[in-house]
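In: sequence isn't available, so here's the structure alone:
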């Protein structure tokens with residue numbers, strides 16, 4: 001049997017807003033044919049019967065932190081991309097706050113070199129902007145780099161861009177997509193001091209959302225949007241977390257025409273401040289998980305298309321690090337393995353259709369970043385595919401967590417759905433709980449003018 005040809009039969013194919021039954025023929029890296037029924041012209045083909053399962057494009061995660069180089073005790077491109085394909089994520093865009101920060105073209109290219117040897121999933125890395133590297137930022141190649149990342153609140157590392165003149169210069173000097181982390185630094189510092197005065201160094205975790213407050217988020221994101229409108233910059237706002245911010249985004253124009261787009265992450269759709277008592281530091285993220293009212297507003301904006309993308313902000317830390325007191329406990333957690341099934345769980349709860357999941361996790365990231373030949377199930381596109389059995393329950397436990405950190409905020413949860421197969425560039429890389437040792441990832445390319 002050839003490992004280069006696969007026929008997926010009896011699939012419930014999810015693509016571009018519809019679910020239809022049919023077969024998919026994969027030859028080498030690409031989707032060769034999609035039809036109600038495909039008859040084999042050769043016996044040299046692996047047949048997969050997907051009856052009862054959904055077949056969707058592999059998810060594209062537009063925001064991950066895979067920790068390499070410099071923080072590899074938390075995770076590596078190899079370990080975290082393995083977790084991603086086990087979760088049906090076939091492409092990722094990684095952020096620049098590694099050590100050293102990816103703020104020169106040389107350091108950025110170093111990460112691509114590592115991924116070319118070790119990544120199980122398709123990859124791109126964002127170029128990081130700082131207060132003093134505009135010249136390097138402007139050298140970024142729009143054909144093979146996803147975008148420019150700016151931290152407008154010092155979430156991690158030393159990448160805070162807090163000089164208004166520099167910010168405006170970056171916004172007005174590049175046509176590339178600029179992705180931003182928006183939290184107002186002065187507000188966070190003042191709030192932190194207030195709770196330090198009350199509790200000393202041992203601030204209860206449940207106050208995290210009041211320290212990194214809704215106001216801190218809104219102040220920063222509203223300024224970024226104002227600047228994007230003033231300069232004409234192409235802005236993508238990462239990990240929105242508040243009801244108040246939802247009024248900053250529109251659904252009045254098609255996604256392809258939007259100059260300002262928005263992302264929400266799995267954890268902000270799943271958890272609320274009521275979960276801090278049980279989960280503690282395991283759900284400490286920046287921006288913080290906030291109130292039920294905020295969560296409800298995020299869901300509403302996601303479903304009415306003010307929010308365009310669902311991502312993870314996968315950011316692993318060791319359990320030992322996460323057990324530190326509030327002020328020294330790092331923010332972030334592992335999510336790539338459980339993101340797709342978490343959204344299918346929301347589907348079972350009646351919150352979202354499978355078609356909408358695919359739109360927000362597959363189609364829209366491909367459109368926003370103009371990713372070449374990915375994010376859809378179409379003839380001639382790369383065969384990046386996830387097969388999801390919506391009725392095959394499993395329990396998240398230590399022994400089936402693939403991320404290097406070995407823990408998950410979903411630990412103990414029973415998911416109703418399971419990713420059974422993942423294809424990357426036509427190779428079957430994950431099947432029934434086992435990652436195959438096939439590092440099939442390729443560098444993402446983008447359909448943009450140079």
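Out: Received, thanks. Keep in mind that this is a model prediction, so the values were computed, not measured. Numbers count the residues shown, from 1 in each chain.

In: name the nearest residue to residue 12, ignoring sequence neighbours.
Out: residue 54 (5.0 Å; Cβ to Cβ, 6 or more residues apart in numbering). Placement of C-beta: from N, CA and C, glycine included.

In: the one you found against residue 357, yeah?
Out: No: if you go by Cβ atoms under 8 Å, residue 54 and residue 357 don't touch, sitting 9.2 Å apart.

In: how about the strands of the stretch 201-350 of the chain, start to end?
Out: Along the stretch 201-350 of the chain, counting by DSSP state E, counting those that start in this stretch, strands occupy 235-237, 260-265, 309-311.

In: what's the answer for the stretch 51-200 of the chain, then?
Out: Assigned by DSSP E, counting those that start in this stretch, the strands in the stretch 51-200 of the chain fall at 54-57, 59-64, 89-94, 122-125, 127-128, 148-151, 178-181.

In: and of these, who's closest to residue 106?
Out: Nearest to residue 106, of all the strands of the stretch 51-200 of the chain, is strand 127-128, at 11.4 Å by Cβ to Cβ.

In: now do that closest one: distance to the chain's middle.
Out: Relative to its chain's centre, strand 127-128 lies at 17 Å (Cα atoms, centre = their mean, to the nearest Å).

In: other SSEs contacting it?
Out: When contacts are defined as 3 or more Cβ pairs under 8 Å, 6 or more residues apart in numbering; DSSP states H and E, strand 127-128 sits against strand 148-151.

In: report the buried residues of the strand it packs on.
Out: Neighbour counts over strand 148-151 (16 or more other Cβ atoms under 10 Å) mark 148, 149, 150, 151 as buried.

In: shaky segments in the protein?
Out: Low-confidence segments of the chain, defined by pLDDT under 70: 1-3, 154-158.

In: let's see 80
Out: Applying pLDDT under 80 to the chain picks out residues 1-3, 41-43, 153-158, 450.

In: how many neighbours does residue 35 have?
Out: Other residues lying near residue 35 total 11 when counted by other Cβ atoms under 10 Å.

In: partner residues bridging it?
Out: residue 23 (DSSP bridges).

In: is it true that it touches residue 22?
Out: Yes: counting by Cβ under 8 Å, residue 22 is a contact partner of residue 35 at 6.0 Å.

In: picking up where we left off before, can I get the strands of the stretch 201-350 of the chain in a markdown table with mean neighbour count?
Out: Listed next are those as a markdown table, based on neighbours: other Cβ atoms under 10 Å:
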| stretch | mean neighbour count |
| --- | --- |
| strand 235-237 | 25 |
| strand 260-265 | 24 |
| strand 309-311 | 27 |
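
In: gap between the residue nearest to residue 12 and residue 230?
Out: 43 Å (Cβ to Cβ, to the nearest Å).

In: also residue 449?
Out: Counting by Cβ to Cβ, the gap from residue 449 to residue 230 is 23 Å.

In: same deal with residue 346?
Out: Residue 346 is 37 Å from residue 230, by Cβ to Cβ.

In: who's more crowded, residue 54 and residue 230?
Out: More neighbours surround residue 54 than the other of residue 54 and residue 230, with 21 against 11 (other Cβ under 10 Å).

In: now for the more buried one: which residues touch it?
Out: Counting by Cβ atoms under 8 Å, 6 or more residues apart in numbering, residue 54 makes contact with 11, 12, 13, 14, 19, 354, 387, 388, 389, 390.

In: if you set the cut-off to 6 Å instead, what comes out?
Out: Shown in contact with residue 54 (Cβ atoms under 6 Å, 6 or more residues apart in numbering): 12, 14, 354, 388.

In: in a strand, the last one, correct?
Out: Yes: assessed by DSSP: H, G, I helix; E, B strand; the rest coil, residue 388 belongs to a strand.

In: do you know how far it is from residue 121?
Out: Separation of residue 388 from residue 121 (Cβ to Cβ) stands at 17 Å.

In: those two - which one has more neighbours?
Out: More crowded of residue 388 and residue 121, by other Cβ under 10 Å: residue 121, with 34 against 26.

In: roughly how far does the closest residue to the more buried one other than its chain neighbours sit from residue 399?
Out: The spatial neighbour of residue 121 that comes closest, neighbours along the chain excluded (Cβ to Cβ, 6+ apart), is residue 81 at 4.4 Å. Note on residue 81: its distance to residue 399, by Cβ to Cβ, is 20 Å.

In: who has more neighbours out of those two?
Out: residue 81 (32 against 5).

In: quick one: the more buried one and residue 119 touch, right?
Out: Yes: in this structure, residue 81 is within contact of residue 119 by Cβ atoms under 6 Å, at 4.6 Å.

In: surely residue 61 meets residue 310?
Out: No: with contact defined as Cβ under 6 Å, residue 61 does not reach residue 310; the gap is 9.0 Å.

In: touching both of those two, which residues are there?
Out: Listed as contacting both residue 61 and residue 310 by Cβ under 6 Å, 6+ apart is no residue at all.

In: quick revisit: for the strands of the stretch 51-200 of the chain, which one sits closest to residue 394?
Out: Nearest of the strands of the stretch 51-200 of the chain to residue 394, taken as Cβ to Cβ: strand 54-57 at 16.2 Å.

In: the closest one pairs with which strands, parallel or anti?
Out: Strand 54-57 has these strand partners (DSSP bridges): strand 5-15 (parallel), strand 385-389 (antiparallel).

In: pick the most buried one from those strands.
Out: Comparing the strands paired with strand 54-57 by mean neighbour count (mean count of other Cβ atoms under 10 Å), strand 385-389 comes out on top with a mean of 25.

In: so for stretch 253-272, what gets flagged as buried?
Out: For stretch 253-272, the neighbour count (16+ other Cβ under 10 Å) marks 258, 260-272 as buried.

In: measure it end to end?
Out: The first residue of stretch 253-272 is 31 Å away from its last residue (Cα to Cα, to the nearest Å).
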